[in-house]
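>>> Have a look at this fold, sequence not included:
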């Protein structure tokens, strides 16, 4: 099967599910990093570095936990998480943090300001939109989050298994 055909059979729902999973870890890390950095009175650079590190930690942790439950060793689970999430988290973090730096006043608004929270929500939403097609492309090639699906029970299969020719599946998942 050629790559273009394979991509068209990877559903957008699968890509969005993988991206949402990644977004959850990224958002937890981002919010914690911003809260800790702000509480400690740090400048933008160390706050962003902490937020990025925590985004990767939580993003990987959310993948490692179910894979460990599936019976893999910690070493194997870490390998799966690195393969599954590194590109997705990296793309998400670049977009999210660039947006936070580019939105006027977002980084200086402080945790009690709606400007900060609205900016962070918008930046994460933008990161999600940009990362979905990246994940769809990677999953269609058996990369990224596709490597995790073999360890999940009851989750939608990757690479379009059960997909209609329009690339959308109809498994009834919501």
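Perfect, thanks for sending it. Only a predicted model underlies this, so the values are computations on that prediction, with no experimental measurement involved.
>>> can you pull the contacts of the residue most central in space within the chain?
Closest to where the C-alpha atoms of the chain average out (C-alpha atoms, centre = their mean) is residue 22, at 2.2 Å. Contacts of residue 22 were listed using C-beta atoms under 8 Å, 6 or more residues apart in numbering, and they are 59, 85, 88-89, 92, 131, 135, 145. Just so you know, the C-beta spots here come from the backbone N, C-alpha and C atoms, and that holds for glycine as well.
>>> give me that answer again for 10 Å
When contacts are counted by C-beta atoms under 10 Å, 6 or more residues apart in numbering, residue 22 touches 55, 59, 62-63, 84-85, 87-89, 91-92, 127-128, 131-132, 135, 144-145.
>>> Distance from the chain centre to stretch 56-71, please.
13 Å (C-alpha atoms, centre = their mean, to the nearest Å).
>>> Enumerate the positions of it that are buried.
For stretch 56-71, the buried set under the neighbour-count rule, 16 or more other C-beta atoms under 10 Å, comprises 56-60, 62-64, 66-68.
>>> Helix, strand, or coil at residue 95?
helix (DSSP: H, G, I helix; E, B strand; the rest coil).
>>> Repeat that for residue 112.
Residue 112 - assigned by three-state DSSP - is coil.
>>> so how many other residues sit close to it?
8 (other C-beta atoms under 10 Å).
>>> contacting residues around it?
residue 38.
>>> and it, how far is that from residue 76?
44 Å (C-beta to C-beta, to the nearest Å).
>>> Next, the residue lying closest to residue 60 once chain neighbours are set aside: phi, psi?
The spatial neighbour of residue 60 that comes closest, neighbours along the chain excluded (C-beta to C-beta, 6 or more residues apart in numbering), is residue 81 at 4.3 Å. When read as degrees, to the nearest 10, the backbone of residue 81 gives phi -60, psi -40.
>>> For residue 81, give me the pLDDT.
At residue 81, the pLDDT value in this model is 90.
>>> doesn't residue 61 make contact with it?
Yes: using C-beta atoms under 10 Å, residue 81 is in contact with residue 61, at 8.0 Å.
>>> which neighbours do those two share?
With C-beta under 10 Å, 6+ apart as the test, residue 81 and residue 61 both reach residue 25.
>>> in stretch 141-153, what counts as buried?
144-149, 151.
>>> among the residues you listed, which are in helices?
Counted as lying in helices by DSSP state H, out of the buried residues of stretch 141-153, are 146-149.
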